[in-house]
Structures are given as C-alpha cells and as structure tokens.
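Enquirer: Model the following, please.
(chains A and B)
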Amino acid sequence: MSAAGSESSVSAPVKVDGEGLPLWLLLELTYRCPLKCPWCNNPLDFDRYRNELTTEEWVDVLRQGRELGALQLGFSGGEPMQRRDLEELVGEATRLGYYTNLITSGMGLNEQRLAALQRAGLKQVQLSLQACDAELNNRLVGADAYAHKIAAARAIKARGFPMVLNVPVSRYNIEQAPALLELAEELGIEYVEFANLQYYNWALLNRSDLLPTREQLSVAEAVVAETRARLGRRMTIYFVITDYYAERPKACMKGWGNIHLTIAPDGAALPCQEARVIEGLKFPNVRDHDLGWIWHESPVFQKFRGESWMQEPCRSCPERGHDYGGCRCQAFLLNGDAASTDPVCGKSPNHHLIEEAVAAAMAGRPQNRLIMRQRGLNVA
Amino acid sequence: MNNNVGLQRTDIVEIDPTFLFRWEEPQRAYVLLYPEGLVKLNSTAGEILAVVAQTVAVGDLLDNFIAKYNNPDIADDILTFLEASNERGWVRIKR
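Expert: Next up is the predicted model:
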C-alpha cells in the first residue's frame, strides 16, 4: 500500500496530469484598473476593449467551465473589484463547486465588499504589493495605493482568508525582499510570491528599466532561503528566477491548451493571458462558441498543443516533454515566430537576443523613464 | 504550529481548514484545493484523507484500515502518509 498525489502550483514547475481538462479557469472580468503599473500584462491597447461580458454571460462561462472539469477559478483583470457584480459571480462559482481565488490590487476592496465576498464563499485572496514604503509603492503603480493595500491586507487576514501576497519583482523593489517578508510575517500571510516580471506588453516596453541584475536576484534568493528555513510551514514562499537568467525556458502554462483557460473581458478565449500578443491568431469567443468546442476543437487551442508543431531544436530535445519548448508568446515577440524555440533557452539559435537585452539593460539604465500603463499610447 | 511530524495514536487529525477536500467526478478522484494549487490524490491517499476529513483519532483510523483490509502491515504505510501530509500542511493536529 502506498499513497501519493500529483501536485501542481502556478509557480512551481511540476507537471500535473490534467487528463486534457482545463483545471484552471481565469476570468479577466475587465481591463479597467485605477492603477498604472508599467509592467501590466493587459494589452497595450486595453482601452479598445469596451464590450465586457455581462453578468449572465459570465455565469454561463462558469457553468460551462465546471462541466468541462475546471476546479481552480481566478477572478482577475484589470482590477476585478471594478465589476459591481463580482460578489454575485463569486456566489455562483461557489455554488458550482469552484475553489475561488480573487486576484486584486486591493483598490476598491473595502470592508463591506470583503464581507459580501466572504458570504458569497470566496476561498482566498491574492493581493499585490510593490514595496513596503508608500513612496516607492505609489511611484511604481502611479497612484496613491499603499495605504489601501495595507488596509486591505489587514482586513483580509482579520477575516481569516488564506492569502497570497504577490510582489511583482523588478530592479526597483527587489532589495526590499527582507522587509517585505517581515511585513508578510507580521500580517500573518501564509503565501508570498515573488513574481519575477514576464516581459510582454507593458513590461516588455519597460524591460530595460525593470530587469533586475543577477546580483540583486542572488541576494534576494539567499534571503528567501533563510526565511524559508526560519519560518518553516508558517509561510510558503514562491520565488521563481526571471527566465531571462535561466538556462532553460519555463514550462509556460504547463503547455498550450493543456490545463489553463483564460477568458478575456470581451469573451475571447485564450490559452494564456498574454496570447493576444501573437499576431495572426483568431481567438474563439464565448459569445460565438461553447467552451467545450473552444477547448477541445478550436484551431487556436490545438495549434501548439502537444508536440507536433515543434521545430528544431525542440523537436528532438529530450527536455521537450518537460518545458514544452517554453513560451509561445515570447517566441513570437522576440523571434517573430510563435512556433520557434523560446529564445530564453540556451539551445535556441536566437538566445543571443536575450543576452543582448540583458547587456543593454545593464549598460544603459534609463533613469526613471518608466512608461506607465495609459490609454491611447502610440507604440508605433 | 506543529513542525514535529511524528504523530501519536491519540492525536486528533483533520484536513487543514484552508484546504478544500472533495470527490471530483470528472477526475474520478479525490482532490485537495488550496491557494493557487491543487493535488489530485491516488485512490489510496484519497481513501485515507476521506477518513481524516471526518476528524478522527490517528489510532482509530489505523485500526479501522487494519480491520478493513485484514492486514496489520499497512499501519506503517498509512502513518508515513499521514505524517507526510502533516508536514505538507494538508493535515493538521486538531487537539
């Protein structure tokens, strides 16, 4: 007699056998947000998408998602608190049996709405925090946000929610890792995720300014190791090195169309939040198709599923079953071909693009020239 | 917080309340859900945690499985699994 399970976490590169089911459903309820984070993963032309799904349409997505086998549900954005029907959607998701995660900046999350979300069955809250001093935090998000975030964190813990503190890591805040961990410990937060930025959309625009140095990462890694040893089970710390400094690509989304399904504010179904950066793909919309067809049969979801689409060096690589050739979006953005090997891989013929980007960032730091998320940006 | 993974027969164990444990028909398996993660349990692990989910003394749980399978040798394996589950935070000592 032996006992075991297969484990999966968003942040740990462990392969989960989803048996072809979309275990993770992420609803980007809106692209609207009061913050201006210069690493935002929403599209650069986010303000063009104004036809958000209605409450009834989201409820229908929730029902179809459960029928397909989805278990983990994220409410994200933009800022999901911008949707006045969030409590209603959480209630419906609870009734359907999802594990509900709220992914929020804390803006708009007041005590009243938190109480309503708890009554609706919300299971956990992921709150972003950029720094543990108001000046830096507010400068990085382009708004007076710090006090709201700290108040939100205290309110979340006072209600007994398990909580993930998500820290988007750049060169600006990485040296605050020890202070951020102390703050998390003081607040009684169980999970801290140092989310190294992924360079798409706004983050790619600001890559030279945001990329931390190797030395900064090493120091932070040591602090994380020390804190893990000291706190044991009281806190789980996720710290994934940015893929620009890795030898091999991340197992992005654990494979395209494998376990993850994102629905964008306008109803577009995406294999990952960033997939819209790949030009030439026509993403199916939940307003036109049922989720079962989208997941199992739509051309977009089959395009990079499995291994048959791979080119060399991925096609014959012994690690292809582990990392799936990396990220399709990054391959498109940096190589111009979404089916090529992710250039962060040392085996990619384009790996020099990564080395050059790192070298350029380290050589010529623009001083506080961050391009904040904004409407109508002309990026031509 | 109990970081000592050695469990006693008299310990009352339960699923950590921040985890959601249940049967999931599309997976035909028990699953554990927690912030940003999920564990799909094999049939043996699921069977044990389904008993833990009722809140139970370790000794009673072991005795019941020994009787059910008519095999005293399985106690060590079950205890090892429970201790590993405790260490991972899936299961906690209530008392």
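Enquirer: okay, now A:Glu226: neighbour count?
Expert: 12 (other CB atoms under 10 Å in any protein chain shown). All C-beta atoms are positioned from the backbone trio N, CA, C, and that covers glycine.
Enquirer: A:Thr227 now?
Expert: Neighbours of A:Thr227 (other CB under 10 Å): 19.
Enquirer: before we move on, what about A:Arg139?
Expert: A:Arg139 has 17 nearby residues by other CB under 10 Å.
Enquirer: quick one: it is in a helix?
Expert: Yes - per DSSP: H, G, I helix; E, B strand; the rest coil, A:Arg139 lies within a helix segment.
Enquirer: what's the distance between it and B:Gln54?
Expert: A:Arg139 sits 52 Å away from B:Gln54, going by CB to CB, to the nearest Å.
Enquirer: Residues of chain B that sit close to chain A?
Expert: B:1, B:3, B:18, B:20, B:22, B:24, B:26-27, B:31-42, B:44-45, B:48, B:69, B:74, B:77-78, B:81, B:87, B:89 (CB under 8 Å from any CB of the partner chain).
Enquirer: So A:Leu26 sits against A:Gly77, correct?
Expert: No - in this structure A:Leu26 lies outside contact range of A:Gly77 using CB atoms under 8 Å: 10.4 Å.
Enquirer: shared neighbours of these two, anything?
Expert: Here A:Leu26 and A:Gly77 share no contacting residue, scored by CB atoms under 8 Å, 6 or more residues apart in numbering or on different chains.
Enquirer: Which residue ranges of the stretch 101-250 of chain A form helices?
Expert: Counting by DSSP state H, counting those that start in this stretch, the segments of the stretch 101-250 of chain A that form helices are A:111-119, A:134-141, A:146-158, A:177-187, A:201-205, A:207-210, A:214-231.
Enquirer: For the fifth one, list the C-alpha coordinates in PDB.
Expert: Coordinates of the C-alpha atoms in helix A:201-205 are reproduced here as PDB (Å, rounded to 0.1, in the frame of the first residue of the first chain):
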ATOM      1  CA  ASN A 201       3.000  44.000 -23.200                       C
ATOM      2  CA  TRP A 202       3.800  46.900 -20.800                       C
ATOM      3  CA  ALA A 203       6.700  45.000 -19.100                       C
ATOM      4  CA  LEU A 204       8.400  44.400 -22.500                       C
ATOM      5  CA  LEU A 205       8.000  48.200 -23.200                       C
END
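Enquirer: What lies in contact with that helix?
Expert: A:37-44, A:197, A:210, A:274, A:277, A:333, A:371, A:373, A:379.
Enquirer: distance between it and the chain's centre?
Expert: Offset of helix A:201-205 from its chain centre (CA atoms, centre = their mean, to the nearest Å): 14 Å.
Enquirer: quick one: average pLDDT of it?
Expert: Rounded to a whole number, the mean pLDDT of helix A:201-205 is 94.
Enquirer: swap in the first one?
Expert: Here the mean pLDDT over helix A:111-119 is 98, rounded to a whole number.
Enquirer: That helix close to chain B?
Expert: No - using CB under 8 Å from any CB, helix A:111-119 stays clear of chain B, coming no nearer than 13.6 Å.
Enquirer: can you tell me which residues contact A:Ser208?
Expert: So, once contact is read as CB under 8 Å, 6+ apart, A:Ser208 ends up touching A:Ala357, A:Ala360, A:Ala361, A:Gly364, A:Arg365, A:Pro366.
Enquirer: With respect to pLDDT, which of the residues you listed ranks lowest?
Expert: Across the contacts of A:Ser208, no position has a lower pLDDT than A:Pro366, which has 63.
Enquirer: As a check, name the ranges of all strands in chain B.
Expert: B:12-15, B:20-24, B:29-34, B:37-41, B:56-57, B:91-93 (DSSP state E).
Enquirer: by contact count, what packs against the fourth one?
Expert: So the one you mean is strand B:37-41. strand A:5-9, strand B:29-34 (3 or more CB pairs under 8 Å, 6 or more residues apart in numbering or on different chains; DSSP states H and E).
Enquirer: which stretch in those strands has the least confidence?
Expert: Among the helices and strands packed on strand B:37-41, strand A:5-9 scores lowest, at a mean of 40.
Enquirer: Next SSE downstream of that strand?
Expert: strand A:24-28 (DSSP states H and E).
Enquirer: what's the angle between the helix or strand following that following strand and strand A:24-28?
Expert: On the C-terminal side of strand A:24-28, the nearest following helix or strand under DSSP H and E is helix A:55-68. Helix A:55-68 and strand A:24-28 meet at an angle of 170 degrees, taking axes from the mean of the first three to the mean of the last three CA atoms, to 10 degrees as the criterion.
Enquirer: And helix A:55-68, what's buried?
Expert: A:Trp58, A:Val59, A:Asp60, A:Val61, A:Leu62, A:Gln64, A:Gly65, A:Arg66, A:Leu68 (16 or more other CB atoms under 10 Å in any protein chain shown).
Enquirer: what's the answer for stretch A:67-80, then?
Expert: By 16+ other CB under 10 Å, the buried positions in stretch A:67-80 come out as A:68-80.
Enquirer: Distance from the chain centre to that stretch, please.
Expert: Per CA atoms, centre = their mean, the displacement of stretch A:67-80 from the mean C-alpha position of its chain is 12 Å.
Enquirer: Low-confidence ranges, chain A, go.
Expert: A:1-19, A:366-368, A:378-380 (pLDDT under 70).
Enquirer: For stretch A:302-315, list the C-alpha coordinates in PDB.
Expert: Taking Å, rounded to 0.1, in the frame of the first residue of the first chain, the C-alpha atoms of stretch A:302-315 are listed here in PDB:
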ATOM      1  CA  GLN A 302      -4.900  22.900 -30.900                       C
ATOM      2  CA  LYS A 303      -2.300  25.000 -32.600                       C
ATOM      3  CA  PHE A 304       0.500  24.500 -30.100                       C
ATOM      4  CA  ARG A 305      -0.900  21.600 -28.100                       C
ATOM      5  CA  GLY A 306       1.200  18.500 -27.700                       C
ATOM      6  CA  GLU A 307       4.500  18.300 -29.700                       C
ATOM      7  CA  SER A 308       3.700  18.000 -33.400                       C
ATOM      8  CA  TRP A 309       4.100  21.800 -34.000                       C
ATOM      9  CA  MET A 310       7.600  21.900 -32.700                       C
ATOM     10  CA  GLN A 311      10.600  22.900 -34.800                       C
ATOM     11  CA  GLU A 312      14.300  22.100 -34.100                       C
ATOM     12  CA  PRO A 313      15.900  22.300 -31.600                       C
ATOM     13  CA  CYS A 314      12.800  21.500 -29.600                       C
ATOM     14  CA  ARG A 315      11.500  18.600 -31.800                       C
END
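Enquirer: That concludes my questions; thank you for your assistance.
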